[in-house]
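**Q** Below are the sequence and a predicted model; questions follow.
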Amino acid sequence: MDASRNEVDVEVTAEAPVRADSQMQAASPMPTSTMVWVVADDATAILAEYESWIGRNVALRKRAPSPETVRGYMGEARQFLAWLNAPVVPDGSAAAIPLRAVTPQIARQYVAWLMDGGHGRAENGSRRPRDWQSGQYTPATLQRKLAGLKAFFKFAMARDYVEGNPLADGEGIRTPEAHEHKTEQIKALTHEQAVKLLRAMNTAAARASSPDKQNAALRDKAMISLMMLQGLRVIEVQRLNMADYTPNVWGDQGTLKLHGKGDKHRTVVLRPEMQKVLDVWLKRRELYRPEDDALFVSLHAPQGRTSGPRLQRMTRRAIRARVDAYLDSSGLKDVGVSCHALRHTYATEIVASARRTGQEVDREGIARSMGHSDISITDVYIDYVDMFMNNPSAPLMGILREADVEETARG
């Protein structure tokens, strides 16, 4: 990096075009020799330095941060630096802002921009905000972005890229809180909808126009079944390796070793029916002879061949895309229904089954199988199901029925 300019390369989106140096200098009230300009024609020195800093300073439960955590922090930094090149502020000005010139007021303007709608595609690379129709980030996403911004300013202060922390003591920075009850955050399929989703994959496999498409449908059925009927997170499905699956450990029940968030591991037991679904896919997987040890691989063999270039582990984005495709084709792709909704379905169906049969809900068993560190998280699913199955207004519906009977008699 050229020390005389102290510039950094950033990934700039179409919404945040890079400004010429002359425009940026004209916008600054401070001497340019003291500025830390953020432009896109130099090495990625600051971001590379920040990535190294994250690995040493962002510790979760005394563990090094996961690659996903590092990518998240880096994404928030890139989004902020891109905004500095073309800030959206209330007075309509758009002249670029030097990093050293960022004040609490500018930081508040950036947070206000995040809180506005129109973020159709998140600038940090994620597919879209939760509320993708309005383009607004959810309160949880905003809190995460603010946490990432705070971490970046700690780094910038330590490296003397800023003179003070614009977010020190809060400085009036506030993001909206999630006011909805936790049960309102649950997105789950009903029993009938779950059956409909699995039937969509059976149909896709039966009507496939090529072996690759048929095998992909069988693979997708295994992935979706693990999320919806075993409670796996999408990241746990994506990280599965062949060695993690052990069939027939206890009679005709197998096990899967999962690699979850925060480098935590757990083992789930597969019922015979689930093991059968997985075995069907694995027999088809053998035909491709992938070099990758991943349990679920993309099927990109050349046309008419069963082997070819190395078949890669599916990405989380690819898994989500497959889930969305089947939700769409089944008419189930409502706002908020996604891979994680399949995991919610696992918990709500267990609770509903226990309620229907008059059995006690095995809170500890659900928490253990889902990898919950706090059992109160599991209680949210119980509250959600009870909200419907134990509706307090049920006894009052007799009033409606009596009124309807009387109206019918008059007719």
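**A** Received, thanks. These numbers come from a predicted model, not from an experiment.

**Q** What strand or helix carries V249?
**A** strand 245-250 (DSSP states H and E).

**Q** Okay, buried residues for that strand please.
**A** Across strand 245-250, burial judged by 16 or more other Cβ atoms under 10 Å covers Y245. For glycine as for every other residue, the C-beta is placed from the backbone atoms N, C-alpha and C.

**Q** One more: stretch 373-386?
**A** Neighbour counts using 16+ other Cβ under 10 Å place 378-382, 384-385 of stretch 373-386 among the buried residues.

**Q** same thing with stretch 149-169?
**A** Buried residues in stretch 149-169 (16+ other Cβ under 10 Å): 149-153, 155-156, 161-162, 165-167.

**Q** now that stretch, how far from the chain's geometric center?
**A** Distance, stretch centre to chain centre, for stretch 149-169: 27 Å (Cα atoms, centre = their mean, to the nearest Å).

**Q** repeat for stretch 184-196
**A** Counting by Cα atoms, centre = their mean, stretch 184-196 comes out at 19 Å from the chain centroid.

**Q** measure that stretch end to end?
**A** 23 Å (Cα to Cα, to the nearest Å).

**Q** ditto for stretch 329-348
**A** So stretch 329-348: terminal residues 23 Å apart, Cα to Cα.

**Q** what does that stretch rub up against?
**A** 130-133, 186-189, 193-194, 196-197, 200, 204, 224, 227-234, 319-320, 323-324, 327, 366, 370, 378, 381, 384-385 (Cβ atoms under 8 Å, 6 or more residues apart in numbering).

**Q** follow-up on the earlier one: which among the buried residues of stretch 373-386 gets closest to E76?
**A** V380 (27.4 Å; Cβ to Cβ).

**Q** about what we covered before: between the buried residues of stretch 373-386, which is nearest M115?
**A** Nearest member of those to M115, counting by Cβ to Cβ, is V380, at 26.2 Å.

**Q** Just confirm D116 contacts Y137, I think it does.
**A** No. Counting by Cβ atoms under 8 Å, D116 does not reach Y137; the two are 9.3 Å apart.

**Q** what about these two, which has more around it?
**A** Y137 (23 against 11; other Cβ atoms under 10 Å).

**Q** For ChimeraX, write a command that selects the buried ones of the contacts of stretch 329-348.
**A** Selection of the buried residues among the contacts of stretch 329-348 in ChimeraX, burial being defined by 16+ other Cβ under 10 Å:
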select :186,187,188,189,193,194,197,200,204,224,227,228,229,230,231,232,233,234,319,320,323,327,366,370,378,381,384,385
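
**Q** Now S210: phi and psi?
**A** Phi and psi for S210, reported as degrees, to the nearest 10, are phi -150, psi 160.

**Q** For it, grab the count of nearby residues.
**A** The burial count for S210: 11, using other Cβ under 10 Å.

**Q** who touches it in this structure?
**A** Contacts of S210 by Cβ under 8 Å, 6+ apart: none found.

**Q** Tell me where the stretch 251-400 of the chain is predicted with low confidence.
**A** Applying pLDDT under 70 to the stretch 251-400 of the chain flags residues 262, 300-310, 335-336.

**Q** so who does E163 touch?
**A** Here E163 is in contact with R100 (Cβ under 8 Å, 6+ apart).

**Q** does it count as helix, strand or coil?
**A** Of the three states, E163 takes coil under DSSP: H, G, I helix; E, B strand; the rest coil.

**Q** Surely H372 and T378 touch.
**A** Yes. Between H372 and T378 there is a contact at 5.5 Å, judged by Cβ under 8 Å.

**Q** any shared contact partners between the two?
**A** Contacts common to H372 and T378, judged by Cβ under 8 Å, 6+ apart, are I366.

**Q** Distance-wise, check I382 relative to R368.
**A** Distance of I382 to R368, given as Cβ to Cβ, to the nearest Å: 15 Å.

**Q** Give the ranges of residues in the stretch 101-250 of the chain that sit below the confidence cut-off.
**A** Using pLDDT under 70, the stretch 101-250 of the chain drops low at 117-135, 169-181, 183.

**Q** about what we covered before: helices - which of the contacts of stretch 329-348 land there?
**A** Counting by DSSP state H, the part of the contacts of stretch 329-348 found in helices is 193-194, 196-197, 200, 204, 224, 227-230, 234, 319-320, 323-324, 327, 366, 370, 378, 381, 384-385.

**Q** Which ones among the buried residues of stretch 149-169 map onto strands?
**A** Using DSSP state E, no member of these falls within strands.

**Q** what's around V361, how many residues?
**A** 19.

**Q** For the closest residue to it other than its chain neighbours, list the residues it contacts.
**A** Nearest residue to V361 in three dimensions, chain neighbours excluded: A354, at 4.6 Å (Cβ to Cβ, 6 or more residues apart in numbering). Counting by Cβ under 8 Å, 6+ apart, A354 makes contact with 360-362.

**Q** L84 now?
**A** 38, 96-99, 102.

**Q** is it true that M370 touches Q230?
**A** No. The pair M370 / Q230 is not scored as a contact, 9.3 Å apart, by Cβ under 8 Å.

**Q** so how far is N57 from T357?
**A** From T357 to N57 the distance is 51 Å (Cβ to Cβ).

**Q** Revised request: answer the last question for P65.
**A** Distance from P65 to N57, by Cβ to Cβ: 9 Å.

**Q** what about the strands in this structure?
**A** Counting by DSSP E, the strands of the chain are 245-250, 253-259, 265-270.

**Q** strand partners of the second one, parallel vs antiparallel please.
**A** The pairing partners recorded for strand 253-259 under DSSP bridges are strand 245-250 (antiparallel), strand 265-270 (antiparallel).

**Q** So for A107, which of the ones you listed sits nearest?
**A** Closest among those, once you apply Cβ to Cβ, is strand 265-270, at 39.0 Å.

**Q** count of residues packed around E273?
**A** If we define neighbours as other Cβ under 10 Å, then E273 has 10 of them.

**Q** quick revisit: any chance of the strands of the chain in TSV, with distance to L311 too?
**A** Shown next, in TSV, are these (distance: least, Cβ to Cβ, whole Å):
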stretch	distance to L311
strand 245-250	17
strand 253-259	20
strand 265-270	24
